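Asker: for reference, the sequence and a predicted model appear below.
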Amino acid sequence: MVVDVNSAVGASVPIALVRGVAVATTQGELNPETADRFRKELLDLLPKTRTTSVVIDLSSLEFMDGLEFEALLGIVRMAELMGANVVVSGIQPAIAAALVELDVDVDTVRTALTLDHA
């Protein structure tokens, strides 16, 4: 099962169920419209599929500002409130450096180096 969350500007976040894990892979910019659609699709998917594990793969993102990361954190927290274990994987070095420089609170999110590590 794959749910593709598309936006008008070409960004998407397909969500695939792989061995009971919802794997969401960002493709293109995580703009507010895409983030909102992704949030709705992921939160609807969790109870329908009884999935309790989510991996959000950011490896294709080359840029993410503090506001986009905060939106992502909101989605992570909502999924966790619904009982899911969420891991964010594939944060690029430039994004990690920018988030730390912007003093964005990154301590509350579980991360993995790659999708395979998640």
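Answerer: Ah, there it is. Residues are numbered from 1 along each chain as shown.
Asker: what is the burial count for the residue lying closest to Val100 once chain neighbours are set aside?
Answerer: Leaving out its chain neighbours, the residue that sits closest to Val100 by CB to CB, 6 or more residues apart in numbering is Val106, at 7.2 Å. In this view, the C-beta of every residue, glycine as well, is placed from N, C-alpha and C. Using other CB atoms under 10 Å, Val106 has 15 other residues around it.
Asker: what does the one 10 residues further on give?
Answerer: Under the neighbour criterion other CB under 10 Å, Asp116 is assigned a count of 8.
Asker: Met82 now?
Answerer: With other CB under 10 Å as criterion, Met82 counts 15.
Asker: how about the nearest residue to it, chain neighbours excluded?
Answerer: Met82 sits nearest to Leu46 (CB to CB, 6+ apart), 5.3 Å away.
Asker: and the one you found, its phi and psi?
Answerer: Here is the backbone geometry of Leu46 (degrees, to the nearest 10): phi -60, psi -60.
Asker: for it, the count of nearby residues, please.
Answerer: 18.
Asker: for this structure, which segments count as strands?
Answerer: For the chain, strands defined by DSSP state E occupy the ranges 2-6, 12-18, 21-25, 53-57, 85-89, 111-112.
Asker: pipe those strands into JSON lines and attach mean pLDDT, mean neighbour count and distance to Glu68 per row.
Answerer: Below are those laid out as JSON lines (pLDDT from 0 to 100; neighbours: other CB atoms under 10 Å; distance: least, CB to CB, whole Å):
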{"stretch": "strand 2-6", "mean pLDDT": "48", "mean neighbour count": "15", "distance to Glu68": "15"}
{"stretch": "strand 12-18", "mean pLDDT": "88", "mean neighbour count": "17", "distance to Glu68": "12"}
{"stretch": "strand 21-25", "mean pLDDT": "94", "mean neighbour count": "20", "distance to Glu68": "15"}
{"stretch": "strand 53-57", "mean pLDDT": "96", "mean neighbour count": "22", "distance to Glu68": "13"}
{"stretch": "strand 85-89", "mean pLDDT": "95", "mean neighbour count": "19", "distance to Glu68": "13"}
{"stretch": "strand 111-112", "mean pLDDT": "90", "mean neighbour count": "15", "distance to Glu68": "16"}
